[in-house]
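In: no FASTA, just this:
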């Protein structure tokens, strides 16, 4: 089992990266729903999303001076990561056809519970009291959000699709942390090949181009590029880095920021209802995120965040130390 760094600055960086990953991933409906409205289907949208993301990651690898070389032992775990990402994205994007995007994105976040269960059952990880409490808070928040605005039962097919997305995403998070080949691989290289495998799989879902739907107008390419950058490149890189810094369970719990983001855009841009029940659910989720980040005393938390910033120049440090002396 991988040793997770306990240095305060690395843990603080991990928390921030996990929050960034969740927030940007929650932007999926913001860019996908307008494309659906123009006649594009989930398979085509996701194919272009990953296809545009691959060269961006490839450019990052080149600018960092890394190579693209792989060993034979890397191929199978990378292919599995591509399958998991494909299954998670495809089931989530299809679920948008059966329920509000905010509800679908919220249901996706049953995955922190699944991650914790997988870690406990298969890797003998003991969940602390605070982690268990935060999981219950997240579950309570999700329970408040999962009904439709009129109180009707949500679509059974949509629910199954969202649960499939949650399970496959949980498996992706655990695998990145516990597979030796993936753990040793640089983050950008891992993300590059996982997205490349996903783009190839999505090309197969559109029957190798036969059922591919092109964006109807030139400016819709901008939406696809945003999908490639924010919920894909930024989110996946931040997720992988966060896992290396703080482990899969805290990363999964902080991922509860995604439904908050999705509900926000749903209300503001897509006119989804914001009821007291939804507000209560959002509050519970934010409370869980705050508790997991603030675990430990206040001074330790302040030190963690302070160390994220560069040191002052030597002359300014000398002045600051003189002012602090009694």
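Out: Done, it's in. Quantities reported herein were computed from a predicted structural model and do not represent experimental measurements. Numbers count the residues shown, from 1 in each chain.
In: in the stretch 201-326 of the chain, which ranges drop under the pLDDT threshold?
Out: 290, 292-326 (pLDDT under 70).
In: Name the nearest residue to residue 84, sequence neighbours excluded.
Out: residue 172 (4.3 Å; C-beta to C-beta, 6 or more residues apart in numbering). From N, CA and C alone the C-beta is placed, and that goes for glycine too.
In: Just to check, the one you found is in contact with residue 86?
Out: No - using C-beta atoms under 8 Å as the test, residue 172 is too far from residue 86 to be in contact (10.4 Å).
In: one step back: and the strand or helix carrying the residue nearest to residue 84, what's buried?
Out: In the assignment (DSSP states H and E), residue 172 maps to helix 156-178. Neighbour-count burial for helix 156-178, counted by 16 or more other C-beta atoms under 10 Å, picks out 158-159, 161-178.
In: after that helix comes which helix or strand?
Out: Following helix 156-178 toward the C-terminus (DSSP H and E): helix 180-184.
In: So which elements touch the next helix or strand after that following helix?
Out: Elements were assigned by DSSP H and E; along the chain past helix 180-184, the next helix or strand is helix 187-205. When contacts are defined as 3 or more C-beta pairs under 8 Å, 6 or more residues apart in numbering; DSSP states H and E, helix 187-205 packs onto helix 42-63, helix 72-95, helix 235-246.
In: Might you calculate how far helix 187-205 sits from the centre of the chain?
Out: Put simply, helix 187-205 sits 16 Å off its chain's centre (C-alpha atoms, centre = their mean, to the nearest Å).
In: Enumerate every residue touching the residue nearest to residue 84.
Out: 81, 84-85, 88 (C-beta atoms under 8 Å, 6 or more residues apart in numbering).
In: any idea how far it lies from residue 165?
Out: 11 Å (C-beta to C-beta, to the nearest Å).
In: overlap in contacts of the two?
Out: residue 88.
In: Ranking by neighbours, what's the top pick from the contacts of residue 172?
Out: Comparing these by number of neighbours (other C-beta atoms under 10 Å), residue 85 comes first, having 25 neighbours.
In: pretty sure it contacts residue 193?
Out: No - Residue 85 lies out of contact with residue 193 (C-beta under 8 Å); the separation is 10.9 Å.
In: Pick the most deeply packed of the helices and strands packed on helix 187-205.
Out: helix 235-246 (a mean of 24; mean count of other C-beta atoms under 10 Å).
In: Just after that one, pick out the following helix or strand.
Out: helix 248-254.
In: List the buried residues for that following helix?
Out: 248-254.
In: Likewise for stretch 266-280?
Out: 266, 272, 274, 277-278.
In: Pipe those residues into CSV and attach distance to residue 24 and secondary structure per row.
Out: What follows is the buried residues of stretch 266-280, written out as CSV (distance: C-beta to C-beta, whole Å; DSSP: H, G, I helix; E, B strand; the rest coil):
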residue, distance to residue 24, secondary structure
266, 16, helix
272, 20, coil
274, 22, coil
277, 26, helix
278, 22, helix
